[in-house]
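Visitor: Here's a sequence, model it:
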Amino acid sequence: MEDIRYRQRFDHYKKALGLLQEALEIHEPSVVERAGAIQFFEATFELAWKLLKDYLSYQGYAIRSPREAIKTAYVSELIRNGDMWLEALVDRNLTTHTYDEVQALDIFYRIRDRYVILLTDLRRTFEEEICTD
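Guide: Numbering: from 1, shown residues only. Predicted coordinates:
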């Protein structure tokens, strides 16, 4: 198999997503466990947009930002639900720059109920359609 950057990024992405999924399986998480899950989300989301950037760059696109990676991936049909991806980007930015317990709780529930589905779909797309060899 050719040594391609997006394939390496995908390996890291799968590991980070696995940790996020494990953290979200905690039935009644404490404040510390929720904070940990949010940090796993931040790391996983960062790897997700960089995975998209690397793959799209491999395809000939010039991507300079997370927003641009998401929009191009949506138009290229790598991802579905571009609006929710952009919402996840906003929440990722909020969690990395501020900490408010009420806001963190709201974001935790969105991660658990919506964003992990997006991230899991991205893994499935790469496993089934892109990294098949």
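
Visitor: Assign the most centrally placed residue in the chain to helix, strand or coil.
Guide: For the chain, the residue nearest the mean C-alpha position is residue 45 (2.9 Å; Cα atoms, centre = their mean). Under the three-state scheme (DSSP: H, G, I helix; E, B strand; the rest coil), residue 45 adopts helix.

Visitor: ok, now which ones touch it?
Guide: By Cβ atoms under 8 Å, 6 or more residues apart in numbering, the contact list for residue 45 reads 88-89, 92, 115, 119. Placement of C-beta: from N, CA and C, glycine included.

Visitor: tell me which of these is nearest to residue 55?
Guide: The closest of the contacts of residue 45 to residue 55 turns out to be residue 119 (Cβ to Cβ; 15.1 Å).

Visitor: Tell me, how many residues neighbour the closest one?
Guide: Number of residues near residue 119 (other Cβ atoms under 10 Å) recorded here: 23.

Visitor: And the contacts of residue 45, which two are furthest apart?
Guide: So, the contacts of residue 45 by Cβ to Cβ: farthest apart are 89 and 119, at 12.3 Å.
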